[in-house]
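Q: Here is a sequence together with a model predicted from it:
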Amino acid sequence: MNQREYERLKADALSEYKRKLDAIEMVWRMSGGANQTGASSNSFLESSVGKGFLSQAIRNALKLLPGEFNIRDVEKQILAIDQALASRIKRASLSSALKRLEEEKEIVLVEKGKGKRASRYRKAA
(Lines give C-alpha, C1' and ligand atoms only; values in the text may rest on other atoms or scores of the structure.)
Protein backbone atom coordinates (compact mmCIF):
# COMPACT_ATOMS: atom_id res chain seq x y z
CA MET A 1 0.00 0.00 0.00
CA ASN A 2 1.34 3.41 -0.91
CA GLN A 3 0.47 6.87 0.47
CA ARG A 4 -2.03 7.62 -2.31
CA GLU A 5 -3.95 4.38 -1.79
CA TYR A 6 -3.90 4.91 1.98
CA GLU A 7 -5.36 8.40 1.61
CA ARG A 8 -8.08 7.18 -0.78
CA LEU A 9 -9.10 4.32 1.50
CA LYS A 10 -9.09 6.62 4.51
CA ALA A 11 -11.30 9.17 2.70
CA ASP A 12 -13.71 6.41 1.59
CA ALA A 13 -13.97 5.06 5.14
CA LEU A 14 -14.56 8.53 6.55
CA SER A 15 -17.24 9.27 3.95
CA GLU A 16 -19.04 6.00 4.70
CA TYR A 17 -18.80 6.67 8.45
CA LYS A 18 -20.35 10.14 8.01
CA ARG A 19 -23.21 8.77 5.89
CA LYS A 20 -24.00 6.10 8.46
CA LEU A 21 -23.79 8.60 11.33
CA ASP A 22 -26.17 10.95 9.49
CA ALA A 23 -28.60 8.06 8.98
CA ILE A 24 -28.45 7.12 12.67
CA GLU A 25 -29.05 10.75 13.66
CA MET A 26 -32.01 10.97 11.29
CA VAL A 27 -33.56 7.79 12.70
CA TRP A 28 -32.99 9.07 16.25
CA ARG A 29 -34.68 12.41 15.50
CA MET A 30 -37.60 10.80 13.68
CA SER A 31 -38.15 8.29 16.49
CA GLY A 32 -38.55 11.12 18.98
CA GLY A 33 -35.16 10.69 20.64
CA ALA A 34 -35.53 9.51 24.21
CA ASN A 35 -38.99 8.88 25.63
CA GLN A 36 -40.30 10.20 28.96
CA THR A 37 -38.36 7.64 31.03
CA GLY A 38 -35.10 8.41 29.25
CA ALA A 39 -34.96 5.04 27.50
CA SER A 40 -34.67 5.05 23.76
CA SER A 41 -37.83 4.55 21.77
CA ASN A 42 -37.96 1.56 19.42
CA SER A 43 -41.53 2.20 18.28
CA PHE A 44 -40.22 3.90 15.15
CA LEU A 45 -38.36 0.80 14.03
CA GLU A 46 -41.37 -1.40 14.72
CA SER A 47 -43.86 0.80 12.84
CA SER A 48 -44.17 1.63 9.18
CA VAL A 49 -42.44 4.61 7.63
CA GLY A 50 -44.24 7.69 8.95
CA LYS A 51 -45.61 10.69 7.10
CA GLY A 52 -42.85 13.07 6.09
CA PHE A 53 -40.12 10.58 6.89
CA LEU A 54 -39.78 9.42 3.29
CA SER A 55 -39.39 13.00 2.07
CA GLN A 56 -36.72 13.60 4.71
CA ALA A 57 -34.91 10.40 3.73
CA ILE A 58 -34.97 11.57 0.09
CA ARG A 59 -33.67 15.02 1.06
CA ASN A 60 -30.78 13.39 2.93
CA ALA A 61 -30.02 11.15 -0.05
CA LEU A 62 -30.12 14.14 -2.42
CA LYS A 63 -27.36 15.83 -0.42
CA LEU A 64 -25.06 13.01 -1.51
CA LEU A 65 -26.16 12.81 -5.16
CA PRO A 66 -24.34 14.92 -7.75
CA GLY A 67 -26.00 16.55 -10.76
CA GLU A 68 -28.91 14.76 -12.39
CA PHE A 69 -30.49 11.66 -10.85
CA ASN A 70 -33.42 9.30 -11.24
CA ILE A 71 -35.50 7.22 -8.85
CA ARG A 72 -33.00 4.35 -8.94
CA ASP A 73 -30.16 6.67 -7.91
CA VAL A 74 -32.19 7.91 -4.94
CA GLU A 75 -33.15 4.35 -4.02
CA LYS A 76 -29.49 3.23 -4.12
CA GLN A 77 -28.40 6.18 -1.98
CA ILE A 78 -31.08 5.48 0.65
CA LEU A 79 -29.97 1.83 0.63
CA ALA A 80 -26.37 2.91 1.21
CA ILE A 81 -27.45 5.10 4.12
CA ASP A 82 -29.91 2.72 5.80
CA GLN A 83 -30.66 -0.79 4.50
CA ALA A 84 -33.47 -1.38 6.99
CA LEU A 85 -35.30 1.76 5.89
CA ALA A 86 -34.70 1.09 2.19
CA SER A 87 -36.19 -2.37 2.47
CA ARG A 88 -39.48 -0.86 3.72
CA ILE A 89 -39.81 1.80 1.02
CA LYS A 90 -41.94 0.97 -2.01
CA ARG A 91 -40.79 2.36 -5.34
CA ALA A 92 -44.28 3.78 -5.98
CA SER A 93 -44.07 5.74 -2.71
CA LEU A 94 -40.62 6.97 -3.64
CA SER A 95 -41.89 8.10 -7.05
CA SER A 96 -44.82 9.97 -5.48
CA ALA A 97 -42.51 11.65 -2.98
CA LEU A 98 -40.19 12.79 -5.79
CA LYS A 99 -43.19 14.27 -7.63
CA ARG A 100 -44.22 16.12 -4.45
CA LEU A 101 -40.69 17.50 -4.03
CA GLU A 102 -40.88 18.67 -7.64
CA GLU A 103 -44.21 20.40 -6.98
CA GLU A 104 -42.64 22.07 -3.93
CA LYS A 105 -39.79 23.27 -6.19
CA GLU A 106 -37.12 21.41 -4.19
CA ILE A 107 -36.11 19.45 -7.28
CA VAL A 108 -36.52 20.11 -11.00
CA LEU A 109 -37.82 17.65 -13.60
CA VAL A 110 -35.16 17.48 -16.33
CA GLU A 111 -36.74 14.77 -18.47
CA LYS A 112 -40.09 13.06 -17.99
CA GLY A 113 -39.87 9.28 -18.03
CA LYS A 114 -41.67 7.17 -20.58
CA GLY A 115 -42.15 3.42 -20.57
CA LYS A 116 -39.24 1.81 -18.74
CA ARG A 117 -37.15 5.00 -18.84
CA ALA A 118 -37.20 6.75 -15.47
CA SER A 119 -37.76 10.48 -15.10
CA ARG A 120 -34.58 12.50 -14.51
CA TYR A 121 -34.36 15.22 -11.91
CA ARG A 122 -31.82 17.68 -10.58
CA LYS A 123 -31.62 19.69 -7.39
CA ALA A 124 -33.25 23.12 -7.51
CA ALA A 125 -30.83 26.05 -7.55
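A: Arrived safely. Source: prediction; values computed, not measured. Residues are numbered from 1 along each chain as shown.
Q: Check the protein for its longest helix and report it.
A: helix 3-30 (DSSP state H).
Q: in it, what's buried?
A: When neighbours are counted by 16 or more other CB atoms under 10 Å, the buried residues of helix 3-30 are found to be Arg19, Ala23, Met26, Val27, Met30. C-beta: built from backbone N, CA, C; applies to glycine.
Q: can you list those in a markdown table and add pLDDT?
A: As requested, these are arranged in a markdown table below (pLDDT from 0 to 100):
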| residue | pLDDT |
| --- | --- |
| Arg19 | 86 |
| Ala23 | 85 |
| Met26 | 82 |
| Val27 | 84 |
| Met30 | 80 |
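Q: can I get these in a markdown table with distance to Met1?
A: As requested, the buried residues of helix 3-30 are arranged in a markdown table below (distance: CB to CB, whole Å):
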| residue | distance to Met1 |
| --- | --- |
| Arg19 | 24 |
| Ala23 | 29 |
| Met26 | 34 |
| Val27 | 35 |
| Met30 | 39 |
